[in-house]
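>>> task: produce atomic coordinates for the following.
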Amino acid sequence: MRNYTLGVQQWAAVLQSPDGERVFGEAGGEDIIPPGVRRRMGKLERLAVRVMLSVLKSGTTSELIFCSRYGNLETLTALLRSIGVGEPMSPMAFSGSVHNAAPGMVGQIRKEKIAHTALAGGENTLRAGLAEAYARLAADRCPDVIVAYADLPLADVYADFENDPAPAGVGLAMRLILEEAGSAAVEVMPGRAGAQALIEQLRVCGGVLAVGGGPWSMSA
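Now for the predicted structure:
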């Protein structure tokens with residue numbers, strides 16, 4: 001039995017904090033998103049779509065897996081406030097609040113039909129996305145998979161539920177393939193802090209990195 005890990009072919013990442021923004025890998029600016037579409041997006045959507053489009057510049061993929069623990073909580077909170085005061089909800093805002101809005105917008109922008117999955121798995125959301133990618137690749141469903149992760153710190157109204165030490169918002173997209181396991185494999189830690197640590201590993205290794213570990217079997 002051979003052991004396999006997930007190899008990173010391309011990647012793009014953005015970290016956003018009150019002190020500013022840091023861009024890594026192949027990430028472009030927000031101008032990679034058409035202005036008419038960008039104006040309708042919330043902060044999380046712009047972050048997620050931006051890194052996904054950056055990786056897709058070199059070519060499409062047959063599978064796009066979007067991971068976010070909280071999703072577009074900014075827009076969802078505004079909708080809940082509208083309900084609370086008896087105001088009508090904006091249909092456009094509602095369409096942006098659903099969990100698969102970001103990968104859906106990527107397909108619209110690129111005018112492509114890209115199969116996508118959107119998932120949330122608590123603090124293990126990024127790990128869950130990698131497990132999904134591994135399963136699809138191991139089953140020979142596709143030659144590569146793009147996994148995108150995006151999350152922002154919780155707003156003040158939900159601050160009591162924040163348990164992630166990372167103060168920054170994180171957007172990360174990776175084009176992944178199967179590779180045989182080797183000593184370069186690193187474990188992905190939970191939450192935004194884990195995503196930031198993975199971005200640092202990618203930065204140091206120049207994108208040549210095997211992603212291992214986690215709460216799943218990495219053998220096939």
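>>> can you mark which positions in stretch 102-118 are buried?
By neighbour count on 16 or more other Cβ atoms under 10 Å, the buried set for stretch 102-118 is 102-106, 109, 114, 116-118. All C-beta atoms are positioned from the backbone trio N, CA, C, and that covers glycine.
>>> first to last residue in that stretch, what's the distance?
End-to-end distance of stretch 102-118 (Cα to Cα, to the nearest Å): 9 Å.
>>> quick one: contacts of it?
33-34, 37, 41, 44-45, 48-49, 52-53, 56, 60-68, 72, 99-100, 132, 148, 150 (Cβ atoms under 8 Å, 6 or more residues apart in numbering).
>>> which PyMOL command selects the buried ones in those?
Buried residues among the contacts of stretch 102-118 (16+ other Cβ under 10 Å), as a PyMOL selection:
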select buried, resi 33+41+44+45+48+49+52+53+56+61+63+64+65+66+67+68+72+99+132+148+150
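>>> among the contacts of stretch 102-118, which are in strands?
64-67, 148, 150 (DSSP state E).
>>> nearest to residue 171, of the buried residues of stretch 102-118?
residue 102 (9.8 Å; Cβ to Cβ).
>>> hey, where'd the strands end up in this protein?
4-17, 20-25, 64-67, 116-119, 145-151, 169-180, 186-187, 210-212.
>>> tell me who's in contact with the spatially closest residue to residue 148 that is not a sequence neighbour.
Closest residue to residue 148 apart from its sequence neighbours, by Cβ to Cβ, 6 or more residues apart in numbering: residue 173 at 4.2 Å. Residue 173 makes contacts with 11-13, 51-52, 54-55, 146-149, as judged by Cβ under 8 Å, 6+ apart.
>>> let's see it at 7 Å
Contact analysis of residue 173 by Cβ atoms under 7 Å, 6 or more residues apart in numbering lists 11-12, 51-52, 54-55, 146, 148.
>>> cool, thanks, signing off.
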